[in-house]
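Trainee: just need the structure, nothing else, for what follows:
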Amino acid sequence: MMDRLNSLTARVLIYTTVWSALGVVIMALVISTLYERAAEKGLRDLLRAQLFSAINSVSIDASTHKLTGSPQMSELGFQQPNSGWYWVVEPLGDYKTEPLTSLNYRGVEVPTLSAAEAPFNERFERYYATTDSAGNRVRVAEAEITLEEEFPEEAEQDEVTPREPVTRIVRFRMIGNHQVVEEDVAYFNRNLYLALGLFAVGSLGLNALIILLGLKPLDRVRNSLARIRNGEAERLDDDLPREIQPLAEEVNALIESNKRLVERARMQVGNLAHSLKTPIAVLLNDSGQMQPPHDQLVRSQAEIMRAQVQSYLNRARIAAQRGSILARTEVEPVLERLVRVMRKLNPDKVFSLATSPKGLRLAMEAQDFEETIGNLVENASRFAASEVKVTVRPAPDGVTGKDPARKAWALVAIEDDGPGLEPDEIKEALKRGRRLDESKPGTGLGLSIVSEIVSEYQGNFNLMRAESGGLRAELVLPAITG
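Mentor: Below is the predicted model of the structure:
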């Protein structure tokens with residue numbers, strides 16, 4: 001999980017996904033709220049229009065002094081019982097008469113709020129929400145209007161002086177069911193959420209594609225670095241985007257600087273080793289003219305010095321080769337030649353060889369591979385009772401070297417049927433210059449040289465007890481696929 005979070009691609013994808021999802025949610029809430037307000041305003045405007053329609057259609061009858069008129073409303077709800085759609089025209093103050101109502105208002109009560117709870121505006125209009133006796137949530141548009149009550153013409157003719165019209169205050173109430181708004185908003189929200197959901201999914205997919213394509217040059221940089229590490233290239237590609245080009249140039253400059261430092265150090269080690277070879281040769285020659293036991297002591301120490309010098313020369317050569325090209329060695333011919341030589345030198349012992357698959361190749365110089373396996377086979381032949389086995393196969397899953405970027409590894413095993421070593425003896429044997437059996441010839445540097453060469457190629461080297469009771473040496477070496 002932490003490796004994924006450390007990925008730049010994963011981070012950008014997560015951040016853009018979270019931000020896009022948050023943006024879509026905020027957008028949905030804002031649009032839904034705006035539409036709900038527009039729907040509320042629409043209902044209010046409708047009630048206001050119907051209110052003025054009722055005002056224009058209602059008057060006071062001159063002969064009966066009653067309210068008269070029949071407002072014509074377009075909504076079918078005004079004709080359905082308990083629909084939440086009603087209209088009411090009722091007298092106020094001293095004017096006592098029967099109110100006018102829609103037919104479906106009979107048996108229904110719609111509470112009237114006080115002026116303190118819902119004040120009138122400057123046009124003596126007000127709007128408020130309440131609940132009718134049928135349980136409908138309704139919106140009320142209300143206005144208090146002054147109507148003139150005119151006298152009949154014959155009454156005016158009997159009077160010497162005409163009378164002034166009497167004014168009456170009348171309250172007009174237009175009531176609408178809020179469920180219309182709720183259903184409209186709910187329908188709009190369903191379609192809105194569906195559309196935004198599809199938009200979000202499409203946007204996230206498109207964002208992911210854009211991000212992956214945009215970060216593609218980083219994969220090229222990573223692959224170039226892997227090719228440099230594997231010895232297939234010496235510098236990063238130059239054809240990179242402008243934002244990454246300075247990084248590539250700095251990395252190339254660092255590679256060049258490191259290459260010069262390694263080359264200088266390799267040359268110094270090589271010069272030192274070569275300068276020591278002549279004095280060592282002189283010591284070996286002069287040791288033959290010395291008296292025992294000093295001649296053996298000087299010769300053995302000179303041999304150790306020569307082996308160490310050769311070891312450092314090999315390491316310098318390996319470093320130089322790894323910095324230039326990727327070495328390739330076919331396993332089977334090298335091992336067959338080595339086993340053939342060992343059979344001639346040890347006719348009393350059996351040497352078996354098994355390689356799988358045919359044509360297996362290692363990312364090593366043939367000389368280094370031959371020296372490594374030669375040391376191990378030679379040691380095995382010294383201590384084996386009758387048989388030495390050499391097997392090579394691809395490393396199983398979970399068995400790798402020290403380079404995590406390399407995918408292909410080979411497992412080389414050299415096994416004998418000798419007395420073997422205990423765990424403490426194995427640790428001691430791997431130390432430079434240590435010999436557990438002084439009766440056998442050698443300098444005690446063979447296993448140390450093997451370990452150093454394998455380490456230079458980022459592999460692994462282990463000693464363990466074999467199933468036959470002898471010693472088993474296992475090497476994990478870089479292989480080449482394809």
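
Trainee: on the three-state scheme, residue 133 is what?
Mentor: Classification of residue 133 by DSSP: H, G, I helix; E, B strand; the rest coil places it in coil.

Trainee: surely it touches residue 110?
Mentor: Yes. Taking contacts as CB atoms under 8 Å, residue 133 lies within contact range of residue 110: 7.5 Å. Yep, even glycine has a C-beta here, placed from its N, CA and C like the rest.

Trainee: so what's residue 240 up against?
Mentor: 217, 220-221, 248 (CB atoms under 8 Å, 6 or more residues apart in numbering).

Trainee: at 10 Å what do you get?
Mentor: Counting by CB atoms under 10 Å, 6 or more residues apart in numbering, residue 240 makes contact with 217-218, 220-221, 224, 246-249.

Trainee: before we move on, back to that, so between residue 133 and residue 110, which is more surrounded?
Mentor: Each of residue 133 and residue 110 has its neighbours counted (other CB atoms under 10 Å); residue 110 has more, 18 against 11.

Trainee: which one is the more buried one nearest to, not counting chain neighbours?
Mentor: Among residues not flanking residue 110 along the chain, residue 132 sits closest, at 4.7 Å (CB to CB, 6 or more residues apart in numbering).

Trainee: check whether the one you found really touches residue 175, as I assumed.
Mentor: Yes. Using CB atoms under 10 Å, residue 132 is in contact with residue 175, at 7.4 Å.

Trainee: okay, and the common contacts of the two?
Mentor: Shared contacts of residue 132 and residue 175, defined by CB under 10 Å, 6+ apart, are found at 83-84, 86, 105, 108, 110, 138, 140.

Trainee: what about the strands in the stretch 251-400 of the chain?
Mentor: Ranges of strands within the stretch 251-400 of the chain are 329-330, 350-355, 361-362, 387-394, based on DSSP state E, counting those that start in this stretch.

Trainee: given the strand or helix carrying residue 168, what are its sheet partners and their directions?
Mentor: Assessed by DSSP states H and E, residue 168 sits inside strand 166-177. Applying DSSP bridges, strand 166-177 is found paired with strand 86-91 (antiparallel), strand 137-149 (antiparallel).

Trainee: quick one: the helices in the protein?
Mentor: Along the chain, counting by DSSP state H, helices occupy 2-5, 8-57, 153-158, 179-214, 216-229, 245-287, 294-322, 331-345, 366-383, 423-429, 446-456.

Trainee: and those as CSV, adding mean neighbour count?
Mentor: Below are the helices of the chain laid out as CSV (neighbours: other CB atoms under 10 Å):
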stretch, mean neighbour count
helix 2-5, 8
helix 8-57, 15
helix 153-158, 9
helix 179-214, 14
helix 216-229, 15
helix 245-287, 13
helix 294-322, 16
helix 331-345, 15
helix 366-383, 20
helix 423-429, 13
helix 446-456, 20
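
Trainee: sorry, back to before: quick check: angle from the strand holding residue 168 to helix 179-214?
Mentor: Here strand 166-177 runs at 50 degrees with respect to helix 179-214, directions being taken by axes from the mean of the first three to the mean of the last three CA atoms, to 10 degrees.

Trainee: ok, now which ones touch residue 334?
Mentor: Applying CB under 10 Å, 6+ apart to residue 334 gives the contacts 362, 364, 366-367, 369-370, 373-374.

Trainee: kindly recompute the last result at 7 Å.
Mentor: Contact analysis of residue 334 by CB atoms under 7 Å, 6 or more residues apart in numbering lists 366, 369-370.

Trainee: gap between the residue nearest to it when sequence neighbours are not counted and residue 462?
Mentor: Closest residue in space to residue 334, ignoring its immediate chain neighbours: residue 370 at 5.4 Å, by CB to CB, 6+ apart. For residue 370, the distance to residue 462 equals 20 Å [CB to CB, to the nearest Å].

Trainee: same question for residue 383.
Mentor: 17 Å.

Trainee: repeat for residue 358
Mentor: Using CB to CB, residue 358 is found at 26 Å from residue 462.

Trainee: quick one: which of these two has more around it?
Mentor: Taking neighbours as other CB under 10 Å, residue 358 and residue 462 compare with residue 462 leading, 14 against 8.

Trainee: could you report the neighbour count for the residue lying closest to the more buried one once chain neighbours are set aside?
Mentor: Distance criterion CB to CB, 6+ apart; nearest residue to residue 462, sequence neighbours excluded, is residue 474 at 4.9 Å. Counted with other CB under 10 Å, residues neighbouring residue 474 total 18.

Trainee: rewinding a little: residue 426: which of the contacts of residue 240 is nearest?
Mentor: When the contacts of residue 240 are ranked by distance to residue 426 (CB to CB), residue 224 comes first, at 41.0 Å.

Trainee: how much space between the closest one and residue 247?
Mentor: Residue 224 is 12 Å from residue 247, where distance means CB to CB.

Trainee: ok, now which ones touch residue 217?
Mentor: Neighbouring residues of residue 217 by CB under 7 Å, 6+ apart: 240-241, 244.

Trainee: and what of residue 102?
Mentor: 78, 86-87.

Trainee: any idea of the pLDDT on it?
Mentor: Residue 102 carries a pLDDT value of 89.

Trainee: and if you look at the one 10 residues further on?
Mentor: Residue 112 carries a pLDDT score of 90 in this model.

Trainee: and it, how many neighbours?
Mentor: Other residues lying near residue 112 total 16 when counted by other CB under 10 Å.

Trainee: if I look at the residue nearest to residue 390 when sequence neighbours are not counted, how far off is residue 297?
Mentor: Leaving aside its sequence neighbours, residue 390 sits nearest to residue 353 (CB to CB, 6+ apart; 5.0 Å). According to CB to CB, residue 353 stands 39 Å off from residue 297.

Trainee: how is the protein divided into domains?
Mentor: The chain breaks down into these domains under automatic domain parsing: 59-178, 247-322, 329-480.

Trainee: which one of those has the lowest average pLDDT?
Mentor: domain 247-322 (a mean of 71).

Trainee: tell me the contacts of residue 147?
Mentor: Neighbouring residues of residue 147 by CB under 7 Å, 6+ apart: 59-60, 168, 170.

Trainee: how about those residues in CSV, adding distance to residue 423 and neighbour count?
Mentor: Converted to CSV, these look like this (distance: CB to CB, whole Å; neighbours: other CB atoms under 10 Å):
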residue, distance to residue 423, neighbour count
59, 116, 15
60, 118, 22
168, 116, 20
170, 110, 24
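
Trainee: relative to residue 13, which of those is nearest.
Mentor: The shortest gap between residue 13 and any of the contacts of residue 147 belongs to residue 170, at 67.5 Å (CB to CB).

Trainee: angles on the backbone of residue 65, please.
Mentor: Dihedral angles of residue 65 (phi, psi; degrees, to the nearest 10) stand at phi 60, psi 20.

Trainee: tell me the contacts of it?
Mentor: So residue 65 contacts 97, 149 (CB under 7 Å, 6+ apart).

Trainee: now with 10 Å?
Mentor: 95-97, 149, 151, 166, 168.

Trainee: among those residues, who's most crowded?
Mentor: residue 168 leads these on contacts (other CB under 10 Å) with 20 neighbours.

Trainee: how much space separates that residue from residue 141?
Mentor: Per CB to CB, residue 168 is found 21 Å from residue 141.

Trainee: okay, and the common contacts of residue 224 and residue 247?
Mentor: Residues touching both residue 224 and residue 247 by CB under 10 Å, 6+ apart: 236, 240.
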